[in-house]
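Participant: sequence plus the predicted model coming up.
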Amino acid sequence: MTKSKDARVTTALACTICTCKEAGDKSKSTGTSRYTTRKNRRNTPTRLELKKFCVCCHKHTYHKELKK
């Protein structure tokens with residue numbers, strides 16, 4: 001049997017630029033760039049933040065871990 005509190009968990013990362021855009025903004029971005037990754041809960045108890053390529057913005061931006 002596996003433990004319910006495993007050290008490694010799968011998390012989702014979302015672009016900080018795409019989610020912060022206001023509704024009145026007329027840019028070409030139509031969605032949110034999301035990535036999935038695995039992190040060790042014991043080594044990194046805080047929220048994960050990585051610099052990844054955003055498909056919507058067409059540049060490298062910071063992606064933060066989403067809430068569960």
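Facilitator: Everything's here; your move.

Participant: what stretches of the protein score poorly on pLDDT?
Facilitator: 1-4, 19-31 (pLDDT under 70).

Participant: what sits closest to the most centrally placed residue in the chain if chain neighbours are left out?
Facilitator: Geometric centre of the chain, nearest residue: Leu13, 1.3 Å, by CA atoms, centre = their mean. Spatial nearest neighbour of Leu13, excluding adjacent residues (CB to CB, 6 or more residues apart in numbering): His63 at 3.9 Å. (Each C-beta comes from the backbone N, C-alpha and C, glycine too.)

Participant: which residues does that neighbour bridge with?
Facilitator: Cys15, Leu50 (DSSP bridges).

Participant: ok, it - contacts?
Facilitator: Contacts for His63 were tallied using CB atoms under 8 Å, 6 or more residues apart in numbering; they are Leu13, Ala14, Cys15, Thr16, Ser33, Arg34, Tyr35, Glu49, Leu50, Lys51, Lys52, Cys54.

Participant: out of these, grab the one that's most surrounded.
Facilitator: Tallying neighbours with other CB atoms under 10 Å puts Cys15 at the head of those, with 24 neighbours.

Participant: how near is the residue nearest to Leu13 to Lys5?
Facilitator: Counting by CB to CB, to the nearest Å, the gap from His63 to Lys5 is 25 Å.

Participant: who's in contact with the residue nearest to Arg47 when sequence neighbours are not counted?
Facilitator: Leaving aside its chain neighbours, Arg47 sits nearest to Glu65 (4.5 Å; criterion: CB to CB, 6+ apart). Applying CB under 8 Å, 6+ apart, we find Glu65 in contact with Thr11, Ala12, Leu13, Lys39, Arg47, Leu48, Glu49.

Participant: these two touch, right, the fourth one and Leu48?
Facilitator: Yes. In this structure Lys39 lies within contact range of Leu48 using CB atoms under 8 Å: 5.4 Å.

Participant: and for these two, which residues touch both?
Facilitator: Shared contacts of Lys39 and Leu48, counting by CB under 8 Å, 6+ apart, come down to Thr11, Glu65.
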